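S.K.: Whatever this is, show me its structure:
(one chain, ligands or ions: 1)
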Amino acid sequence: MCNLNEVTHIDNVRLSEDGKKVIILNQTRLPNVTEYLTLGNAEELYDAIFELKVRGAPAIGICAGYGIYVLAQSINADTYDEFYKEFVKHKDYLNSSRPTAVNLSWALNRMEGIVTANKEKTIPDILKLLEEECRAIHEEDIKMCTAISEYGLTLIKDGDGILTHCNAGPLATSRYGTALGPLFLGKERGMNFKVFADETRPLLQGARLTSYELEKAGIDVTLICDNMAGIVMKNGWIKACFVGCDRIAANGDTANKIGTSGVAILAQYYGIPFYVLGPTSTIDLNCQTGRDIEIELRDPKEIKEKFYREPMALKEVKCYNPAFDITDYSLITAIVTEKGICYPPFQDSIRALFHK
Ligand code: MRU
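M.R.: Sure, this is the predicted structure:
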(Lines give C-alpha, C1' and ligand atoms only; values in the text may rest on other atoms or scores of the structure.)
Protein backbone atom coordinates (compact mmCIF):
# COMPACT_ATOMS: atom_id res chain seq x y z
CA MET A 1 0.00 0.00 0.00
CA CYS A 2 1.42 3.40 -0.99
CA ASN A 3 0.20 6.44 0.88
CA LEU A 4 2.96 9.00 1.17
CA ASN A 5 0.78 11.80 2.49
CA GLU A 6 -0.69 9.59 5.20
CA VAL A 7 2.80 8.73 6.44
CA THR A 8 4.16 12.30 6.41
CA HIS A 9 1.05 13.50 8.25
CA ILE A 10 1.04 10.75 10.85
CA ASP A 11 -0.61 12.01 14.04
CA ASN A 12 2.03 10.83 16.53
CA VAL A 13 1.67 13.44 19.33
CA ARG A 14 -1.05 16.02 19.94
CA LEU A 15 -3.18 17.75 22.53
CA SER A 16 -6.73 16.49 23.04
CA GLU A 17 -9.57 18.75 21.82
CA ASP A 18 -10.11 20.21 25.31
CA GLY A 19 -6.33 20.66 25.80
CA LYS A 20 -6.35 18.62 29.00
CA LYS A 21 -4.64 15.42 27.77
CA VAL A 22 -1.82 14.38 25.47
CA ILE A 23 -2.68 11.84 22.80
CA ILE A 24 0.11 9.72 21.35
CA LEU A 25 0.37 6.94 18.82
CA ASN A 26 1.79 4.02 20.80
CA GLN A 27 4.99 3.23 18.92
CA THR A 28 5.62 0.05 20.92
CA ARG A 29 2.63 -1.64 19.22
CA LEU A 30 3.65 -0.80 15.65
CA PRO A 31 3.71 -2.11 12.99
CA ASN A 32 0.95 -4.56 13.84
CA VAL A 33 -1.42 -2.51 15.97
CA THR A 34 -2.41 1.15 15.59
CA GLU A 35 -3.24 2.24 19.11
CA TYR A 36 -3.63 5.75 20.50
CA LEU A 37 -3.02 6.44 24.18
CA THR A 38 -4.46 9.31 26.18
CA LEU A 39 -2.07 10.64 28.82
CA GLY A 40 -3.43 12.82 31.59
CA ASN A 41 -1.13 12.57 34.60
CA ALA A 42 2.57 12.74 35.38
CA GLU A 43 3.04 8.97 35.76
CA GLU A 44 1.40 8.23 32.41
CA LEU A 45 3.55 10.84 30.68
CA TYR A 46 6.74 9.57 32.33
CA ASP A 47 5.91 5.97 31.46
CA ALA A 48 5.12 6.84 27.81
CA ILE A 49 8.56 8.42 27.37
CA PHE A 50 10.47 5.87 29.45
CA GLU A 51 8.85 2.87 27.71
CA LEU A 52 9.37 4.45 24.24
CA LYS A 53 5.64 4.61 23.52
CA VAL A 54 6.58 8.03 22.25
CA ARG A 55 10.19 8.15 21.11
CA GLY A 56 12.67 9.90 18.84
CA ALA A 57 14.33 13.04 20.18
CA PRO A 58 12.04 15.71 18.61
CA ALA A 59 8.83 13.76 19.38
CA ILE A 60 9.93 13.36 23.01
CA GLY A 61 10.42 17.14 23.20
CA ILE A 62 6.99 17.83 21.69
CA CYS A 63 5.33 15.35 24.05
CA ALA A 64 7.11 16.88 27.05
CA GLY A 65 5.98 20.38 26.01
CA TYR A 66 2.35 19.31 25.75
CA GLY A 67 2.75 17.16 28.88
CA ILE A 68 3.99 19.91 31.15
CA TYR A 69 1.17 22.16 29.90
CA VAL A 70 -1.37 19.46 30.79
CA LEU A 71 0.19 19.02 34.24
CA ALA A 72 0.38 22.79 34.82
CA GLN A 73 -3.40 23.00 34.39
CA SER A 74 -3.87 20.55 37.24
CA ILE A 75 -1.80 22.60 39.71
CA ASN A 76 -3.91 23.87 42.57
CA ALA A 77 -2.22 27.11 43.64
CA ASP A 78 -3.27 30.53 44.88
CA THR A 79 0.03 32.30 44.36
CA TYR A 80 2.69 32.40 41.67
CA ASP A 81 5.29 30.93 44.03
CA GLU A 82 3.10 27.93 44.85
CA PHE A 83 2.36 27.43 41.16
CA TYR A 84 6.03 27.66 40.16
CA LYS A 85 7.14 25.23 42.89
CA GLU A 86 4.69 22.57 41.63
CA PHE A 87 5.56 23.31 38.00
CA VAL A 88 9.26 22.65 38.66
CA LYS A 89 8.42 19.37 40.47
CA HIS A 90 6.52 18.13 37.39
CA LYS A 91 9.24 19.39 35.08
CA ASP A 92 12.04 17.62 36.97
CA TYR A 93 10.03 14.41 37.06
CA LEU A 94 9.37 14.38 33.30
CA ASN A 95 12.96 15.39 32.64
CA SER A 96 14.23 12.33 34.51
CA SER A 97 12.43 9.90 32.18
CA ARG A 98 15.25 9.65 29.61
CA PRO A 99 18.65 11.34 29.87
CA THR A 100 20.25 11.34 26.41
CA ALA A 101 17.95 13.22 23.99
CA VAL A 102 18.51 16.90 24.82
CA ASN A 103 15.18 17.84 23.19
CA LEU A 104 13.43 16.68 26.37
CA SER A 105 15.12 19.22 28.67
CA TRP A 106 15.22 21.79 25.85
CA ALA A 107 11.42 21.75 25.52
CA LEU A 108 10.84 21.67 29.28
CA ASN A 109 13.25 24.59 29.81
CA ARG A 110 11.45 26.56 27.12
CA MET A 111 8.17 25.99 28.94
CA GLU A 112 9.71 26.96 32.28
CA GLY A 113 11.05 30.13 30.64
CA ILE A 114 7.47 31.14 29.87
CA VAL A 115 6.52 30.74 33.52
CA THR A 116 9.47 32.68 34.92
CA ALA A 117 9.22 35.48 32.35
CA ASN A 118 5.59 36.12 33.28
CA LYS A 119 5.66 36.17 37.08
CA GLU A 120 3.50 39.30 37.21
CA LYS A 121 0.65 37.68 35.23
CA THR A 122 -2.28 35.70 36.62
CA ILE A 123 -2.07 31.89 36.61
CA PRO A 124 -4.81 31.58 33.92
CA ASP A 125 -2.80 33.99 31.74
CA ILE A 126 0.39 31.98 32.29
CA LEU A 127 -1.49 28.81 31.31
CA LYS A 128 -2.64 30.48 28.11
CA LEU A 129 0.96 31.39 27.27
CA LEU A 130 2.09 27.85 28.07
CA GLU A 131 -0.46 26.46 25.63
CA GLU A 132 0.80 28.81 22.92
CA GLU A 133 4.39 27.79 23.62
CA CYS A 134 3.85 24.03 23.42
CA ARG A 135 1.89 24.43 20.20
CA ALA A 136 4.73 26.62 18.87
CA ILE A 137 7.32 23.92 19.70
CA HIS A 138 5.32 21.49 17.57
CA GLU A 139 4.77 23.97 14.70
CA GLU A 140 8.47 24.86 14.66
CA ASP A 141 9.41 21.19 14.48
CA ILE A 142 7.30 20.79 11.35
CA LYS A 143 9.15 23.70 9.75
CA MET A 144 12.55 22.45 10.93
CA CYS A 145 11.95 18.97 9.52
CA THR A 146 10.91 20.43 6.18
CA ALA A 147 14.03 22.61 6.00
CA ILE A 148 16.31 19.72 7.05
CA SER A 149 14.72 17.56 4.35
CA GLU A 150 15.36 20.22 1.70
CA TYR A 151 19.03 20.55 2.70
CA GLY A 152 19.45 16.78 2.93
CA LEU A 153 18.00 16.27 -0.53
CA THR A 154 20.80 18.37 -2.03
CA LEU A 155 23.28 15.70 -0.87
CA ILE A 156 21.84 12.76 -2.83
CA LYS A 157 20.51 12.02 -6.28
CA ASP A 158 17.70 10.02 -7.80
CA GLY A 159 18.30 6.27 -7.57
CA ASP A 160 20.89 6.43 -4.77
CA GLY A 161 21.14 3.67 -2.17
CA ILE A 162 20.88 5.09 1.36
CA LEU A 163 21.56 3.29 4.63
CA THR A 164 19.81 4.42 7.80
CA HIS A 165 19.91 3.28 11.42
CA CYS A 166 17.08 3.36 14.01
CA ASN A 167 14.11 5.59 13.14
CA ALA A 168 14.28 9.29 12.39
CA GLY A 169 11.15 9.57 10.28
CA PRO A 170 7.68 11.07 10.82
CA LEU A 171 7.00 8.91 13.90
CA ALA A 172 10.05 10.32 15.67
CA THR A 173 9.41 13.93 14.69
CA SER A 174 6.81 15.92 12.79
CA ARG A 175 5.90 15.61 9.14
CA TYR A 176 8.90 14.40 7.04
CA GLY A 177 11.29 13.49 9.82
CA THR A 178 15.00 14.27 9.85
CA ALA A 179 17.18 11.44 8.51
CA LEU A 180 14.29 10.05 6.45
CA GLY A 181 13.03 13.52 5.49
CA PRO A 182 15.00 13.87 2.25
CA LEU A 183 13.71 10.46 1.14
CA PHE A 184 10.04 11.38 1.69
CA LEU A 185 10.54 14.80 0.12
CA GLY A 186 12.36 13.26 -2.85
CA LYS A 187 9.59 10.70 -3.26
CA GLU A 188 7.05 13.53 -3.31
CA ARG A 189 9.05 15.02 -6.19
CA GLY A 190 9.13 11.79 -8.18
CA MET A 191 12.54 10.54 -7.10
CA ASN A 192 13.27 6.96 -6.10
CA PHE A 193 15.81 5.82 -3.56
CA LYS A 194 16.83 2.36 -2.45
CA VAL A 195 16.89 2.44 1.31
CA PHE A 196 18.57 -0.13 3.54
CA ALA A 197 17.17 0.00 7.07
CA ASP A 198 19.18 -1.52 9.94
CA GLU A 199 16.77 -3.42 12.16
CA THR A 200 18.36 -1.69 15.22
CA ARG A 201 18.78 -4.14 18.07
CA PRO A 202 17.57 -4.45 20.74
CA LEU A 203 14.31 -2.48 20.37
CA LEU A 204 14.01 -2.87 16.59
CA GLN A 205 13.04 0.69 15.68
CA GLY A 206 14.41 0.08 12.18
CA ALA A 207 12.35 -3.06 11.62
CA ARG A 208 9.19 -1.97 13.39
CA LEU A 209 9.09 1.73 12.47
CA THR A 210 11.47 2.75 9.66
CA SER A 211 10.60 -0.08 7.29
CA TYR A 212 6.90 0.46 8.14
CA GLU A 213 7.03 4.16 7.29
CA LEU A 214 9.01 3.69 4.08
CA GLU A 215 7.01 0.70 2.85
CA LYS A 216 3.72 2.52 3.47
CA ALA A 217 5.03 5.54 1.58
CA GLY A 218 5.98 3.39 -1.43
CA ILE A 219 9.73 3.92 -0.98
CA ASP A 220 11.96 0.98 -1.89
CA VAL A 221 13.14 -0.34 1.48
CA THR A 222 15.19 -3.41 2.35
CA LEU A 223 15.43 -4.45 5.97
CA ILE A 224 18.79 -5.79 7.15
CA CYS A 225 20.16 -6.97 10.50
CA ASP A 226 22.59 -4.50 12.04
CA ASN A 227 25.55 -6.79 11.33
CA MET A 228 24.81 -6.69 7.58
CA ALA A 229 25.65 -3.02 7.08
CA GLY A 230 29.23 -3.92 6.09
CA ILE A 231 28.25 -6.27 3.30
CA VAL A 232 25.78 -3.90 1.65
CA MET A 233 28.46 -1.19 1.73
CA LYS A 234 31.07 -3.57 0.30
CA ASN A 235 28.60 -4.57 -2.43
CA GLY A 236 28.59 -0.92 -3.54
CA TRP A 237 24.88 -0.49 -2.83
CA ILE A 238 25.19 2.50 -0.47
CA LYS A 239 25.91 6.03 -1.68
CA ALA A 240 25.30 7.74 1.67
CA CYS A 241 24.33 7.04 5.28
CA PHE A 242 21.62 9.22 6.83
CA VAL A 243 21.07 9.05 10.59
CA GLY A 244 19.31 11.14 13.23
CA CYS A 245 20.71 12.39 16.51
CA ASP A 246 19.78 12.72 20.17
CA ARG A 247 22.43 15.21 21.28
CA ILE A 248 25.27 16.84 19.38
CA ALA A 249 28.22 18.25 21.33
CA ALA A 250 29.95 21.52 20.41
CA ASN A 251 32.75 19.63 18.63
CA GLY A 252 30.32 17.59 16.48
CA ASP A 253 30.46 14.34 18.50
CA THR A 254 26.97 12.89 18.14
CA ALA A 255 24.86 10.69 20.41
CA ASN A 256 22.40 8.55 18.48
CA LYS A 257 20.88 5.08 18.77
CA ILE A 258 23.30 2.34 19.80
CA GLY A 259 25.08 0.98 16.73
CA THR A 260 25.30 4.32 14.91
CA SER A 261 29.02 4.72 15.56
CA GLY A 262 29.69 1.26 14.08
CA VAL A 263 27.87 2.30 10.90
CA ALA A 264 30.00 5.46 10.75
CA ILE A 265 33.23 3.48 11.15
CA LEU A 266 32.21 1.13 8.34
CA ALA A 267 31.19 4.06 6.14
CA GLN A 268 34.59 5.67 6.60
CA TYR A 269 36.33 2.40 5.71
CA TYR A 270 34.30 2.07 2.52
CA GLY A 271 34.59 5.77 1.62
CA ILE A 272 30.84 6.44 1.97
CA PRO A 273 29.66 9.86 3.23
CA PHE A 274 28.04 9.72 6.66
CA TYR A 275 25.47 12.43 7.38
CA VAL A 276 23.81 13.33 10.69
CA LEU A 277 20.48 15.13 10.30
CA GLY A 278 18.76 16.97 13.13
CA PRO A 279 17.36 20.28 14.32
CA THR A 280 19.54 22.83 16.13
CA SER A 281 17.50 22.02 19.25
CA THR A 282 19.51 18.76 19.34
CA ILE A 283 22.81 20.64 19.57
CA ASP A 284 23.94 21.09 23.16
CA LEU A 285 26.69 23.68 23.43
CA ASN A 286 26.99 22.86 27.14
CA CYS A 287 28.58 19.59 26.07
CA GLN A 288 32.05 20.26 24.73
CA THR A 289 32.54 16.70 23.50
CA GLY A 290 30.66 13.40 23.48
CA ARG A 291 32.25 12.55 26.84
CA ASP A 292 29.89 15.10 28.42
CA ILE A 293 26.79 13.30 27.12
CA GLU A 294 25.02 10.94 29.50
CA ILE A 295 24.26 7.60 27.89
CA GLU A 296 21.02 5.93 28.95
CA LEU A 297 21.45 2.37 30.25
CA ARG A 298 18.39 0.16 29.90
CA ASP A 299 17.05 -3.11 31.28
CA PRO A 300 19.07 -6.21 30.25
CA LYS A 301 15.74 -7.95 29.59
CA GLU A 302 15.51 -5.91 26.36
CA ILE A 303 18.45 -7.95 25.08
CA LYS A 304 17.68 -11.36 26.55
CA GLU A 305 13.90 -11.57 26.54
CA LYS A 306 12.05 -8.90 24.67
CA PHE A 307 10.63 -10.05 21.33
CA TYR A 308 11.60 -13.69 22.04
CA ARG A 309 9.15 -16.43 22.93
CA GLU A 310 11.56 -17.64 25.62
CA PRO A 311 14.75 -16.10 27.11
CA MET A 312 17.70 -16.30 24.73
CA ALA A 313 20.39 -16.36 27.43
CA LEU A 314 20.69 -17.85 30.87
CA LYS A 315 19.20 -15.79 33.68
CA GLU A 316 22.64 -15.36 35.30
CA VAL A 317 24.28 -13.99 32.14
CA LYS A 318 25.27 -10.34 32.48
CA CYS A 319 24.14 -7.81 29.87
CA TYR A 320 25.31 -4.33 29.03
CA ASN A 321 22.52 -2.38 27.36
CA PRO A 322 23.46 1.21 26.45
CA ALA A 323 20.65 2.79 24.43
CA PHE A 324 22.95 5.22 22.59
CA ASP A 325 26.55 5.58 21.50
CA ILE A 326 28.73 8.49 20.47
CA THR A 327 29.86 8.84 16.90
CA ASP A 328 33.19 10.64 16.85
CA TYR A 329 33.07 13.93 14.94
CA SER A 330 35.93 12.75 12.72
CA LEU A 331 33.64 10.10 11.19
CA ILE A 332 30.91 12.57 10.25
CA THR A 333 30.91 14.10 6.75
CA ALA A 334 28.35 16.80 7.57
CA ILE A 335 25.61 17.72 10.03
CA VAL A 336 22.39 18.81 8.33
CA THR A 337 20.24 21.25 10.32
CA GLU A 338 17.27 23.49 9.52
CA LYS A 339 19.67 26.43 9.35
CA GLY A 340 22.07 24.86 6.90
CA ILE A 341 24.70 22.16 6.47
CA CYS A 342 27.71 22.16 8.81
CA TYR A 343 30.98 20.78 7.53
CA PRO A 344 34.18 20.19 9.52
CA PRO A 345 35.66 21.75 11.49
CA PHE A 346 32.36 21.43 13.38
CA GLN A 347 33.58 23.49 16.32
CA ASP A 348 33.44 26.51 13.98
CA SER A 349 30.54 25.61 11.70
CA ILE A 350 28.22 24.71 14.60
CA ARG A 351 29.03 27.93 16.46
CA ALA A 352 28.42 29.90 13.26
CA LEU A 353 24.91 28.39 13.02
CA PHE A 354 23.91 30.02 16.29
CA HIS A 355 25.11 33.42 15.12
CA LYS A 356 23.05 33.28 11.91
O1 MRU B 1 15.59 5.25 21.78
P2 MRU B 1 14.95 6.01 20.66
O3 MRU B 1 14.12 5.16 19.76
O4 MRU B 1 14.20 7.23 21.16
O5 MRU B 1 16.17 6.55 19.82
C6 MRU B 1 15.92 7.35 18.72
C7 MRU B 1 17.10 7.72 17.93
O8 MRU B 1 18.21 7.36 18.24
C9 MRU B 1 16.86 8.63 16.77
O10 MRU B 1 17.78 8.41 15.76
C11 MRU B 1 16.97 10.07 17.23
O12 MRU B 1 16.20 10.31 18.36
C13 MRU B 1 16.57 11.03 16.17
S14 MRU B 1 14.85 11.01 15.80
C15 MRU B 1 14.65 12.23 14.66
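
S.K.: quick one: contacts for whichever residue of the chain sits closest to the ligand?
M.R.: Residue nearest to the ligand within the chain: residue 244 (2.8 Å; C-beta to the nearest ligand atom). For the C-beta atoms, the positions are set from N, CA and C on the backbone; glycine is no exception. When contacts are counted by C-beta atoms under 8 Å, 6 or more residues apart in numbering, residue 244 touches 56-57, 166-168, 172, 177-179, 256-257, 276-278.

S.K.: Of these, which belong to helices?
M.R.: Using DSSP state H, the subset of the contacts of residue 244 located in helices is residue 57.

S.K.: check the contacts of residue 244 against the ligand, which are close?
M.R.: Filtering those for neighbours of the ligand using C-beta under 6 Å from any ligand atom leaves 56-57, 166, 168, 172, 178, 256-257.

S.K.: The stretch 101-250 of the chain against the ligand: which residues are in contact?
M.R.: So far as C-beta under 6 Å from any ligand atom goes, the stretch 101-250 of the chain lies against the ligand at 101, 166, 168, 172-173, 178, 205, 244-246.

S.K.: Give me the subset of those lying in strands.
M.R.: Judged by DSSP state E, strands contain none of those.

S.K.: Format these as CSV; extra columns: distance to residue 314 and pLDDT.
M.R.: Output for those, formatted as CSV (distance: C-beta to C-beta, whole Å; pLDDT from 0 to 100):
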residue, distance to residue 314, pLDDT
101, 33, 94
166, 29, 98
168, 35, 98
172, 34, 98
173, 39, 96
178, 39, 98
205, 27, 98
244, 35, 98
245, 36, 98
246, 32, 97
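
S.K.: out of these, which one sits closest to residue 346?
M.R.: residue 245 (12.3 Å; C-beta to C-beta).

S.K.: measure the nearest residue to that closest one once chain neighbours are set aside to residue 61 for me?
M.R.: Nearest residue to residue 245 in three dimensions, chain neighbours excluded: residue 278, at 4.0 Å (C-beta to C-beta, 6 or more residues apart in numbering). Separation of residue 278 from residue 61 (C-beta to C-beta, to the nearest Å) stands at 11 Å.

S.K.: What of residue 261?
M.R.: 23 Å.

S.K.: between those two, which one's more packed in?
M.R.: Between residue 261 and residue 61, counted using other C-beta atoms under 10 Å, the more crowded position is residue 61 (27 against 22).

S.K.: Pipe the ones next to the ligand among the contacts of residue 244 into CSV and attach distance to residue 117 and neighbour count per row.
M.R.: Converted to CSV, those look like this (distance: C-beta to C-beta, whole Å; neighbours: other C-beta atoms under 10 Å):
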residue, distance to residue 117, neighbour count
56, 29, 30
57, 25, 28
166, 36, 30
168, 32, 32
172, 30, 28
178, 29, 32
256, 33, 29
257, 35, 27
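
S.K.: just those residues now: which is nearest residue 327?
M.R.: Nearest to residue 327 among these is residue 256, at 6.5 Å by C-beta to C-beta.

S.K.: count of neighbours near the nearest residue to the closest one once chain neighbours are set aside?
M.R.: Using C-beta to C-beta, 6+ apart and skipping the chain neighbours, the partner closest in space to residue 256 is residue 245 (5.0 Å). Neighbourhood size, residue 245 [other C-beta under 10 Å]: 29.

S.K.: same thing with the one 4 residues further on?
M.R.: For residue 249, the number of neighbouring residues by other C-beta under 10 Å comes to 25.

S.K.: leaving aside the residues next to it on the chain, what's closest to it?
M.R.: Using C-beta to C-beta, 6+ apart, the closest residue to residue 249 is residue 287 (4.0 Å).

S.K.: what's the helix or strand for the one you found?
M.R.: Assigned by DSSP states H and E, residue 287 falls within no helix or strand.

S.K.: where does the stretch 251-356 of the chain come near the ligand, residue by residue?
M.R.: Residues of the stretch 251-356 of the chain lying close to the ligand (C-beta under 6 Å from any ligand atom) are 256-257, 323.

S.K.: chain center to the strand or helix carrying residue 325: distance?
M.R.: In the assignment (DSSP H and E), residue 325 maps to strand 324-327. Relative to the centre of its chain, strand 324-327 is centred 14 Å away, using C-alpha atoms, centre = their mean, to the nearest Å.

S.K.: again with stretch 258-273
M.R.: 20 Å.

S.K.: And stretch 42-51, by the same measure?
M.R.: 16 Å.

S.K.: pretty sure residue 324 is touching residue 261, no?
M.R.: No. Contact between residue 324 and residue 261 fails when scored by C-beta atoms under 8 Å: they sit 9.5 Å apart.
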